[in-house]
Structures are given as C-alpha cells and as structure tokens.
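[1] need a structure here:
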Amino acid sequence: MNGTPPVTKNLLIINVLFFFATEVLARRGIDLTGLFGLFFFGVGDFHIWQPVTYLFMHGSFSHIFFNMFALWMFGRILETVWGGRRFFIYYMVCGVGAGLIQELVQLFSFLHAVDTGVVDYSIFAPTVGASGAVYGILLAFAMLFPNEKMFIFPFPMPIKAKYFVAFFFVLELFSGIAVSDNVAHFAHLGGMIFGWLLIVYWKRKRYGGGNYPRY
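    Numbers count the residues shown, from 1 in each chain. Predicted coordinates:
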C-alpha cells in the first residue's frame with residue numbers, strides 16, 4: 001500500500017470501510033445496503049444518491065476482494081499514467097455509467113412484465129459493487145497497453161491485454177443474454193462502454209479529432 005498512489009489507495013480504504021460498516025451495522029438492524037445500494041428508479045426504495053453510493057457497497061467478502069484486487073492491480077497503473085484527477089473522473093464515470101445501464105436494463109424488464117404479466121422480481125433487489133468501474137479500468141488498461149502480456153488463471157500461457165479484455169466483454173454479453181443469475185452483467189458492459197466513450201472523447205479533445213496517437 002505504501003507504493004499505491006493516493007486516489008487508488010483512498011478508493012480501496014473507502015470500499016473496505018463501507019463493507020465492514022455494512023456487516024457491523026446489519027447486526028444492529030441497520031441496513032446500509034437498502035440505503036446506499038442502487039434500486040430500480042421505479043420502486044420506492046430508490047434515492048437520487050444511489051447511482052454513486054452503490055459503487056462502495058459489496059455483497060460478500062469474495063465480491064469486495066476480487067473488485068479491490070483488480071482496482072489495486074490495474075488502477076494504480078492508470079493513476080500513475082493519467083494522474084489522480086483524471087483517474088478519479090474516469091472511475092466515477094464508469095461506475096455511474098454502469099449503474100445507468102443497469103437502470104435501463106431493469107426498465108426493459110419492467111416494461112416486459114407490464115406487457116406479459118411475468119414479473120422479474122430481480123428488479124426489486126438492489127445492485128451493489130464497484131464491478132462496473134473495475135471493468136472500465138480493465139478496458140482502459142487494454143487500450144493503453146494492448147500488447148502487455150498477462151498471466152491469468154487457469155490459462156497456461158500469457159495473454160495479451162487486448163484479448164483478455166475482449167474475452168471478458170464477450171463473456172459478459174453472453175452471460176447477460178443467456179444466463180439467469182444475480183450478477184449485473186450489463187452493468188459490467190456499461191462500465192466498459194462508458195470508459196471507452198470517455199477515452200475517445202479525451203483523445204479527440206487532446207488531438208483535435210481525426211487520426212490521433214494512443215496515450
């Protein structure tokens with residue numbers, strides 16, 4: 001942690017503090033997830049701050065562990081390259097964008113329920129986690145260092161970052177369409193999409209459009 005740049009370090013600390021606060025206060029009957037998790041805007045539990053606060057809530061130890069490990073592993077590199085201010089903006093845009101995509105998906109589920117009478121009760125459950133922002137970080141790393149080789153379990157050989165991220169994009173798209181579980185797959189895709197849009201915007205703004213070099 002001593003070598004971790006400040007924004008990444010503070011994001012790690014805030015997420016861990018929120019996680020332990022959620023666990024401790026739940027034993028006293030205080031539901032932080034119900035207050036700070038992201039609910040569908042069509043239900044009464046939705047509050048205007050939730051598209052931001054849900055980023056700091058996690059549902060289990062494994063959930064926060066893998067998100068924070070990826071944030072530490074890749075976020076510190078992006079912050080070193082971009083600087084703290086730009087990295088923080090990017091992180092929040094990806095996270096909030098992922099939440100907006102999740103809201104849109106839940107809206108479609110709600111409209112489908114209205115048309116068919118078949119209710120998808122998952123729209124009443126809160127979305128939590130920094131995964132959308134983390135997937136945005138993975139995309140940015142692959143765009144900045146596309147040929148960087150990574151050793152990923154269980155693959156026996158190194159994989160270039162661009163192929164690694166492309167694999168996860170396809171996997172999340174397939175899972176979102178074909179798999180019924182409690183994972184917000186489209187929110188993950190939303191984080192990557194908003195991250196890509198922001199990077200393209202920054203590049204065009206910096207180089208005046210047209211053909212521009214990679215960061």
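[2] just checking, next helix/strand downstream of the helix or strand of the chain with the lowest mean pLDDT?
    Across the helices and strands of the chain, mean pLDDT, DSSP states H and E gives its lowest value to strand 149-150, namely a mean of 84. Sequence order places strand 159-160 as the next helix or strand after strand 149-150, per DSSP states H and E.
[3] what are the pairing partners of that following strand, and which direction each?
    Sheet pairing here is set by DSSP bridges, and for strand 159-160 it gives strand 149-150 (antiparallel).
[4] if we look at the partner strand, which residues are touching it?
    With contacts defined as Cβ atoms under 8 Å, 6 or more residues apart in numbering, strand 149-150 is touched by 158, 159, 160, 161, 164. Heads up, the C-betas are built off the backbone N, CA and C, glycines and all.
[5] Helices along the protein, start to end?
    Ranges of helices in the chain, per DSSP state H, are 6-26, 32-36, 50-53, 61-70, 76-82, 84-116, 131-144, 161-178, 185-207.
[6] and the residue most central in space within the chain, what does it touch?
    In the chain, the C-alpha nearest the mean C-alpha coordinate belongs to residue 132, at 1.3 Å (Cα atoms, centre = their mean). Residues counted as contacts of residue 132 (Cβ under 8 Å, 6+ apart) are 55, 94-95, 97-99, 101-102, 184, 187-188, 190-191.
[7] pLDDT score for it?
    As summarised for this prediction, residue 132 has a pLDDT of 95.
[8] which residue packs closest to it, ignoring adjacent ones?
    Nearest residue to residue 132 in three dimensions, chain neighbours excluded: residue 98, at 2.3 Å (Cβ to Cβ, 6 or more residues apart in numbering).
[9] quick one: that neighbour and residue 139 touch, right?
    No: judged on Cβ atoms under 8 Å, residue 98 makes no contact with residue 139 at a distance of 11.6 Å.
[10] When these two are compared, which one has more neighbours?
    Of the pair residue 98 and residue 139, residue 98 is the one with more neighbours under other Cβ atoms under 10 Å, namely 34 against 25.
[11] Give me the distance between the more buried one and residue 77.
    Distance of residue 98 to residue 77, given as Cβ to Cβ, to the nearest Å: 21 Å.
[12] in this protein, which ranges drop under the pLDDT threshold?
    Residues of the chain meeting the criterion pLDDT under 70: 1-2, 119-122, 153-155, 207-215.
[13] What is the burial count for residue 34?
    Counted with other Cβ under 10 Å, residues neighbouring residue 34 total 11.
[14] how deep is the spatially closest residue to it that is not a sequence neighbour tucked in, by neighbour count?
    Ranked by Cβ to Cβ, 6+ apart and with sequence neighbours excluded, the top spatial neighbour of residue 34 is residue 45, at 6.4 Å. Residue 45 has 15 neighbours, counted by other Cβ under 10 Å.
[15] Phi, psi for residue 45 please.
    With angles defined as degrees, to the nearest 10, residue 45 sits at phi -80, psi -10.
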